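[1] Quick one, fold the following:
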Amino acid sequence: MRVNGRCFFLWSPRMLRRGTYIYFGVRANSYASRLVDNLYDFYIEGASNLRLLYFRFYRKEYTSFQEFLSKRYNLYPGEVKRFKSWRACVKELEYEPNLYLDQFVQDDSMAHLLKKYLGEDEHED
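    Residues are numbered from 1 along each chain as shown. Presented below is the predicted three-dimensional model:
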């Protein structure tokens with residue numbers, strides 16, 4: 001889910017680079033694997049766990065993890081309920097220099113596949 005230049009997702013073992021190759025059905029060291037590597041680097045690499053961020057830096061500022069999600073990231077109650085897991089991660093996308101990759105993801109079939117990979121619901125927009 002993309003909100004205000006950030007990508008929120010629930011981490012799973014397929015979020016490893018090798019799991020991403022398996023999910024997209026590409027072989028390592030091929031042209032397709034380079035495209036998948038760029039997608040992985042743009043959306044997954046360097047993502048921060050939300051619970052660890054809260055416990056490290058924001059525990060004294062916010063009284064609960066739910067309050068941290070709703071006030072710090074401006075998430076709605078349904079989104080807070082979904083992302084109050086230990087697996088919830090966030091990645092800042094505003095500082096990523098891959099502008100061509102953002103255009104590549106605008107394709108409907110690629111956008112649908114990427115949303116499915118990141119675990120977003122089909123009915124979400």
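[2] Residue 89 is in contact with residue 10, correct?
    Yes - taking contacts as CB atoms under 8 Å, residue 10 lies within contact range of residue 89: 7.4 Å. From N, CA and C alone the C-beta is placed, and that goes for glycine too.
[3] can you map out the strands along the chain?
    2-3, 6-10, 48-49, 88-92 (DSSP state E).
[4] so the second one versus strand 88-92, what angle?
    It stands for strand 6-10. 160 degrees (axes from the mean of the first three to the mean of the last three CA atoms, to 10 degrees).
[5] got the CA positions of strand 6-10 in CSV?
    This file holds the C-alpha atoms of strand 6-10, laid out as CSV (Å, rounded to 0.1, in the frame of the first residue of the first chain):
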residue,chain,number,x,y,z
ARG,A,6,5.8,5.5,1.6
CYS,A,7,5.2,1.8,0.9
PHE,A,8,3.6,-0.3,3.7
PHE,A,9,3.6,-4.1,3.5
LEU,A,10,3.6,-7.2,5.7
